[in-house]
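Q: Fold the following, please.
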Amino acid sequence: MGKINRALNNILSGPDNALDIRNIKYLPRWAVMLIDIGLVTVSTVLTILILLDLAPNAYPLLSYFDKTVVVVAVNIIFFYIFKTYAGIIRYSSNIDALKLLLATISSFISLLAINYISFFFLGEKIFLVGGLLINLWISFSLLFLFRLGVKQVYEYFKILQKNESLIKAVILGVDENAISIAGALDIEHPRRFKIVGFLTQGSHKSLRILDKPVLRHTQKIHREVKSLGADAIIFSENTFSSEEKFQLVEECLEHDIAVYNAPLVSSWDDNQPIAKKVKTLQIEDLLDREPIQLEVQNKIEQLTGRTILVTGAAGSIGSEIVRQVAEYNPKKLIILDQAETPLHNLQLEIESKYPELNFKVIVCDVGNQKRLELMFRNQNIDVIYHAAAYKHVPLMESNPHEAISVNIMGTKNLADLAIKYYVGHFVMVSTDKAVNPSNVMGASKRAAEMYVQSLYHEQKRQGWGKTKFITTRFGNVLGSNGSVVPLFKKQIEKGGPVTITHPDIIRYFMTIPEACQLVLEAGAMGKGGEIFVFDMGEPVKIMDLAIKMIKLAGYQPNKHIKVRITGLRPGEKLYEELLNDECKTLPTHHKKIMIGQDVVRDYEMINEKIIKIIKSASKLKNEKVVAKLKDLIPEFKSNNSLYERLDNTPELERE
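A: Numbers count the residues shown, from 1 in each chain. From the prediction side, this is the model:
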């Protein structure tokens with residue numbers, strides 16, 4: 001038998017052989033219908049041959065040919081009604097068998113009805129009732145055996161495959177989603193996974209699903225996985241908390257068990273093979289926190305029926321703010337950015353997802369005060385979400401005049417115009433790098449924070465306007481443009497090395513949707529003048545992050561993918577802070593949002609110094625720009641930067 005199998009495998013599924021039965025395309029529906037008609041015709045002929053021996057002269061009203069045509073025609077009608085031809089033969093199921101049974105029984109009943117109608121009106125029957133029963137049995141048997149035969153032949157040749165290296169995997173979960181995933185992966189070609197069992201949190205002794213064992217998993221999940229002979233695990237359910245999932249994945253990675261994630265079957269589309277929907281677990285799946293519960297009513301009041309401006313709208317944060325604001329049915333949504341191509345892509349997305357949304361796309365640099373003024377004059381803006389900023393630390397360290405132009409002058413332009421044109425809320429997106437800044441980028445954002453805070457209090461004192469200035473401050477955002485996670489992914493895809501600036505560097509992380517939800521929430525709850533600080537969870541060591549990402553990709557760190565230490569970049573520090581030493585916090589109604597009580601500086605002094613900084617930047621005098629920034633922000637101490645010497649230079653010498 002083994003020799004026969006090998007011979008068949010060589011003949012029918014060799015690497016250069018077009019006869020591999022597993023490569024045959026699905027039969028079109030018309031072909032299945034023709035085969036079924038042929039089988040019904042054969043069954044009718046067999047029935048006639050049987051009846052010729054039993055009752056050769058029974059009911060001669062119609063010829064045998066005419067009787068065959070009537071039987072086949074009636075069967076075709078019910079094949080069409082029950083869509084028996086619509087399924088893929090190799091994937092036939094109990095539902096397909098039921099459809100065949102219903103179609104053949106319905107044909108039998110209809111032929112029986114025709115028989116007695118003929119008897120009532122013409123006084124003679126067309127068919128022997130016993131003949132119709134024989135035909136029912138033969139027809140169903142042939143139709144059913146045809147599908148069963150095709151399925152079994154296909155399954156047999158699947159077993160013969162040797163050129164496909166299958167990943168032996170267990171499914172974590174025993175719900176309907178898990179069973180559907182296992183069933184789909186087992187019948188798909190080309191196969192990627194061989195499902196060898198299920199793991200569940202419940203206690204199921206001697207239970208089998210799809211003829212595969214079900215084991216109860218413990219904290220030592222690797223033992224159950226190995227006992228089933230598997231070297232991979234597929235997450236199929238969302239019942240685990242982030243902490244539980246993290247522990248399970250840690251356990252698997254420690255014992256070289258690959259981890260995959262399968263989406264809900266209900267979210268699958270038909271454009272991608274099933275096996276490709278089961279993807280390697282991403283680091284975002286582990287760093288993601290529990291869903292945020294937000295107060296919807298306050299954002300409805302602030303956003304619905306209002307004109308909203310989002311600056312930096314083509315960026316990762318700005319574009320997500322646009323998507324979330326669009327859900328609240330604003331009167332008008334103004335989308336502003338200077339990046340033409342990403343802005344165009346966002347425009348196409350918004351047109352597709354929100355066809356009823358009234359929105360306007362503007363290409364503009366926030367440093368262009370005249371262009372901004374024209375926009376404010378023509379649009380009655382109610383709320384501003386200011387996300388436009390240059391954020392890459394090393395680039396801004398080399399180009400401080402650009403950081404000033406966008407991060408400081410751009411913010412000043414927008415803030416001044418917000419007061420002039422009576423904007424209700426101005427929400428600025430800031431960064432944890434603004435706290436005790438060690439680089440130009442962080443210092444420029446801190447200067448912007450100081451300006452809008454002092455402007456708000458000066459506005460209240462002078463009675464200039466009604467604008468509520470609110471600042472939101474958070475750390476790194478997973479998946480944002482230029483962040484470390486996409487960088488590591490690209491490096492791993494290229495085979496390494498994965499570069500880390502320092503083995504001890506740590507960062508806070510937050511997902512883009514989570515960060516933007518909190519920005520909207522803070523903007524709605526703000527009374528003016530606050531700096532809202534977000535709970536970023538526990539800090540993550542970047543070295544640990546890199547190692548986990550390498551393992552999740554199926555590689556061994558420093559064996560398959562090298563990890564290289566490159567040294568701290570200009571302006572970079574080992575850890576970021578959300579509050580400085582002088583700042584205290586107050587709780588809010590939302591446990592993830594705190595109010596940082598910062599010292600409010602004198603507006604006249606800050607405005608005067610910022611104007612000087614902007615003038616220096618316009619002259620492209622980098623050292624003077626940085627020196628004036630340090631004068632405005634005493635806690636700004638450069639780190640690993642050519643501007644470190646300015647920290648030890650007396651203020652008069654800086655000038």
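
Q: quick one: secondary structure of Lys591?
A: coil (DSSP: H, G, I helix; E, B strand; the rest coil).

Q: Give me the distance between Gly526 and Val452.
A: According to CB to CB, to the nearest Å, Gly526 stands 12 Å off from Val452. C-betas here are computed from N, CA, C, even on glycine.

Q: Now the common contact residues for the two.
A: Residues touching both Gly526 and Val452 (CB atoms under 8 Å, 6 or more residues apart in numbering): none.

Q: what residues are up against Val626?
A: For Val626, the contacting residues are 400, 440, 443, 638, 643, 646, by CB under 8 Å, 6+ apart.

Q: That one sits in which helix or strand?
A: Using DSSP states H and E, Val626 maps to helix 622-632.

Q: Which helix runs longest in the chain?
A: Longest helix in the chain by number of residues, with DSSP state H as the criterion: helix 129-159.

Q: Summarise which helices and strands that one is packed against.
A: When contacts are defined as 3 or more CB pairs under 8 Å, 6 or more residues apart in numbering; DSSP states H and E, helix 129-159 sits against helix 29-54, helix 94-122.

Q: Nearest approach to Phe376 belongs to which of these?
A: helix 29-54 (60.8 Å; CB to CB).

Q: How far does the closest one sit from its chain's centre?
A: 51 Å (CA atoms, centre = their mean, to the nearest Å).

Q: And the contacts of the following helix or strand past it?
A: Where DSSP H and E defines the elements, the next helix or strand beyond helix 29-54 is helix 64-82. Contact with helix 64-82 is made by 33, 36-37, 40-41, 44-45, 48, 62, 85, 99-100, 102-104, 106-107, 110-111, 114, 126-127, 135, 139, as judged by CB under 8 Å, 6+ apart.

Q: circling back: give the rounded mean pLDDT of the helix holding Val626.
A: Mean pLDDT, helix 622-632: 91.

Q: same thing with stretch 600-617?
A: Stretch 600-617 shows a mean pLDDT of 92 in the predicted model.

Q: before we move on, what about stretch 359-378?
A: So the average pLDDT for stretch 359-378 ends up being 94.

Q: and the end-to-end length of that stretch?
A: 14 Å (CA to CA, to the nearest Å).

Q: Check which residues of that stretch are buried.
A: 359, 361-362, 364-369, 372, 375-376 (16 or more other CB atoms under 10 Å).

Q: Out of the residues you listed, which sit inside strands?
A: 359, 361-362 (DSSP state E).

Q: out of those residues, who's nearest Lys412?
A: Closest to Lys412, out of all of these and judged by CB to CB, is Ile362, at 19.0 Å.

Q: thinking that closest one is in contact with Leu374, fair?
A: No - taking CB atoms under 8 Å as the definition, Ile362 is not a contact partner of Leu374, at 9.9 Å.

Q: re the thing from before, for the longest helix of the chain, which positions count as buried?
A: Per 16+ other CB under 10 Å, helix 129-159 contains these buried residues: 131-132, 134-136, 138-140, 142-144, 146-147, 150-151, 154, 157-158.

Q: What of stretch 59-76?
A: Buried, per 16+ other CB under 10 Å, within stretch 59-76: 59, 67-68, 70-72, 74-76.

Q: Give the rounded mean pLDDT of that stretch.
A: Mean predicted lDDT for stretch 59-76 stands at 84.

Q: what about that stretch, distance to the chain center?
A: Counting by CA atoms, centre = their mean, stretch 59-76 comes out at 58 Å from the chain centroid.

Q: Kindly report the same for stretch 408-427.
A: Distance, stretch centre to chain centre, for stretch 408-427: 34 Å (CA atoms, centre = their mean).

Q: now stretch 529-549
A: 20 Å.

Q: Dump that stretch to CSV, keeping only the CA atoms.
A: Provided in CSV are the C-alpha atoms of stretch 529-549 (Å, rounded to 0.1, in the frame of the first residue of the first chain):
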residue,chain,number,x,y,z
GLY,A,529,-5.8,76.5,31.2
GLU,A,530,-5.3,72.8,32.1
ILE,A,531,-2.6,70.4,31.1
PHE,A,532,-4.2,67.0,31.0
VAL,A,533,-1.9,64.1,31.6
PHE,A,534,-2.9,60.6,30.5
ASP,A,535,-2.3,57.4,32.4
MET,A,536,0.2,55.6,30.1
GLY,A,537,0.3,52.4,32.1
GLU,A,538,3.6,50.7,32.9
PRO,A,539,6.7,51.8,31.0
VAL,A,540,8.2,49.3,28.6
LYS,A,541,11.9,48.5,28.3
ILE,A,542,12.7,48.9,24.6
MET,A,543,15.2,46.0,24.7
ASP,A,544,12.4,43.7,26.0
LEU,A,545,10.1,45.0,23.3
ALA,A,546,12.6,44.2,20.5
ILE,A,547,13.2,40.7,21.8
LYS,A,548,9.5,39.9,22.0
MET,A,549,8.9,41.2,18.5
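
Q: Please consider this matter closed, and thank you.
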